[in-house]
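J.: Below are the sequence and a predicted model; questions follow.
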Amino acid sequence: ANFAINTAGGQVCNIWSLIVAPSGTGKDIGRIDSDIAFDLGLSIGTSGSAEGLCDAFILNGGGLLLVSEFGPWLDRKHWQHGACSWMTSAFNQGYFQTCLSQRARGSKARRANYCYPSILANIQPEILSQYASASLIHSGFLCRFLISSVPNGQHRRPSTKIISTSDAREMVASFKRMHGSLRVPNMYLDDLCTEFIAHNALFQNIWDRYVNEYGPRIAVMLAASPTDLHQSMPVIEQHHWDRSAVLVRWYYNMAESVLQGINDSAGNSRFETLCNRFHQFIQRHSEGVSLTVISRYLHRGTTSELRRKVLKELVDRGLIELTEGVYRTVAQSCMGAAV
């Protein structure tokens with residue numbers, strides 16, 4: 001990026017994205033993201049320790065880290081978890097100088113004058129519930145991700161050998177053409193902040209970051225032209241801010257829905273895993289399912305009392321309903337989807 005958004009201290013358009021979807025839904029179908037990143041020289045790899053990531057971002061400060069299985073990053077017992085704190089500080093700092101283990105590098109500290117990492121990661125909802133902790137939210141690590149939640153259902157693959165990626169490549173080229181510093185209005189998206197406050201949005205540390213940091217980045221992306229080869233600086237108009245606000249609402253709605261049950265209690269984490277398991281089972285039966293059937297197929301590791309507690313919790317959350325002894329899912333809508 002030769003281009004900066006002139007907010008407090010300045011920022012660029014690096015993005016952390018987390019796709020939460022069941023296994024087999026095609027999160028990385030066609031290797032589209034990895035092929036584009038590799039061809040354009042943006043790929044950092046798929047994993048790494050804090051030391052390894054330092055080395056990689058020294059060579060490619062604006063690179064994209066593609067993480068097909070994000071679970072190890074969240075698991076405190078896994079070696080990759082140690083990179084979370086380093087990546088959190090590197091998100092928007094723009095540079096780094098660190099004195100991590102140097103035994104293999106002599107006495108020279110790792111240093112980069114330019115570093116704005118991007119991440120595209122995938123995870124299954126059950127794995128997220130099992131390994132994510134409230135501390136990863138409070139520390140700011142998970143708050144830096146735009147979270148997309150894929151609904152359960154049938155996901156079919158296209159019957160084609162070649163998938164067109166020309167639009168995505170043109171958008172990357174449009175960002176490479178930008179240079180300079182873009183000024184944004186003071187108190188931008190202030191109405192959206194007021195809206196979150198008025199509705200008592202659960203995670204202020206998430207929507208605050210979405211509004212302040214991702215809001216202008218999304219507006220820039222919407223204003224960037226893939227066809228104007230002479231555009232060096234996008235012109236952000238009001239409709240770009242309006243559309244950015246819609247996307248911020250959309251992403252926050254999904255982030256809140258997948259993170260609201262996360263805490264640092266192992267017992268509560270297991271309960272949330274059971275809630276997800278029961279909900280998915282009921283979703284697969286559009287005609288509804290009785291308690292007897294649920295107990296027959298989901299009895300392992302549960303008691304009758306625990307199963308009833310899980311079902312009551314799902315009813316209280318508005319995810320399922322009980323009618324004449326039959327449990328059915330309740331259709332959910334996304335905040336801002338009708339805007």
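T.: Cool, the structure landed.

J.: quick one: contacts for the closest residue to F57 other than its chain neighbours?
T.: Using Cβ to Cβ, 6 or more residues apart in numbering and skipping the chain neighbours, the partner closest in space to F57 is C115 (4.9 Å). In short, each C-beta sits where N, CA and C put it, glycine included. C115 makes contacts with F57, I58, G61, A90, Q93, G94, Y95, F96, as judged by Cβ atoms under 8 Å, 6 or more residues apart in numbering.

J.: what's the pLDDT at the fifth one?
T.: So that's Q93. Residue-level confidence at Q93 comes out at 86, pLDDT.

J.: Now for it, how many residues are close by?
T.: Q93 is flanked by 11 other residues according to other Cβ atoms under 10 Å.

J.: Let me know the distance separating it from Q11.
T.: Q93 is 10 Å from Q11, where distance means Cβ to Cβ, to the nearest Å.

J.: what do you get for R110?
T.: Spatial separation of R110 from Q11 under the definition Cβ to Cβ is 23 Å.

J.: so which helix or strand takes in the closest residue to V315 other than its chain neighbours?
T.: Spatial nearest neighbour of V315, chain neighbours left out: L322 (6.0 Å); criterion: Cβ to Cβ, 6+ apart. Assigned by DSSP states H and E, L322 belongs to strand 320-323.

J.: Could you spell out the sheet neighbours of that strand, each with its direction?
T.: strand 326-329 (antiparallel) (DSSP bridges).

J.: Can you tell me how far R144 is from I320?
T.: In this structure, R144 lies at 32 Å from I320, with Cβ to Cβ as the measure.

J.: next one: E287
T.: Computed as Cβ to Cβ, the E287 to I320 distance reads 14 Å.

J.: Are there residues contacting both of those two? Which ones?
T.: Listed contacts common to E287 and I320 are R328; contacts here mean Cβ under 8 Å, 6+ apart.

J.: Between these two, tell me which one has more neighbours.
T.: For the pair E287 and I320, the greater number of neighbours falls to I320 (21 against 6), based on other Cβ under 10 Å.

J.: Show me what the biggest helix by length in the chain is in contact with.
T.: Counting residues, the longest helix in the chain under DSSP state H turns out to be helix 238-259. Here helix 238-259 makes contact (Cβ under 8 Å, 6+ apart) with 20, 125, 128, 132, 137, 142, 145-149, 188-189, 191-192, 196, 201-203, 206-207, 210-211, 214-216, 218-219, 222-223, 334-337, 339.

J.: quick one on the thing from earlier: which residues sit against the strand holding L322?
T.: The list of residues contacting strand 320-323 from outside it, by Cβ under 8 Å, 6+ apart, reads H279, I282, G288, L311, L314, V315, Y327, R328, T329, V330.

J.: List the buried residues in the host helix or strand of the first one.
T.: It stands for H279. In this structure, H279 sits in helix 266-283 according to DSSP H and E. Using 16 or more other Cβ atoms under 10 Å as the test for burial, helix 266-283 gives S269, F271, E272, T273, L274, C275, N276, R277, F278, H279, I282, Q283.

J.: again with stretch 114-131
T.: Residues of stretch 114-131 classed as buried under the neighbour-count rule (16+ other Cβ under 10 Å) are 115-131.

J.: Can I get the buried part of the contacts of strand 320-323 as one PyMOL selection?
T.: Of these, the buried ones go into a single PyMOL selection, burial set by 16+ other Cβ under 10 Å:
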select buried, resi 279+282+288+311+314+327+329
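
J.: As CSV, the contacts of strand 320-323 with distance to A168 would be great.
T.: Written out in CSV, the entries for those read as follows (distance: Cβ to Cβ, whole Å):
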residue, distance to A168
H279, 33
I282, 37
G288, 41
L311, 43
L314, 38
V315, 42
Y327, 42
R328, 39
T329, 34
V330, 36
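
J.: Looking at the contacts of strand 320-323, which is nearest C84?
T.: H279 (28.1 Å; Cβ to Cβ).

J.: show me where pLDDT drops low in the stretch 101-250 of the chain?
T.: Applying pLDDT under 70 to the predicted model, the residue ranges of the stretch 101-250 of the chain that meet it are 101-108, 152-158, 160-161.

J.: ok, which stretches of it are helices?
T.: Chain-ordered helices for the stretch 101-250 of the chain, with DSSP state H, counting those that start in this stretch as the definition, fall at 125-131, 134-138, 166-176, 190-198, 204-209, 215-223, 238-259.
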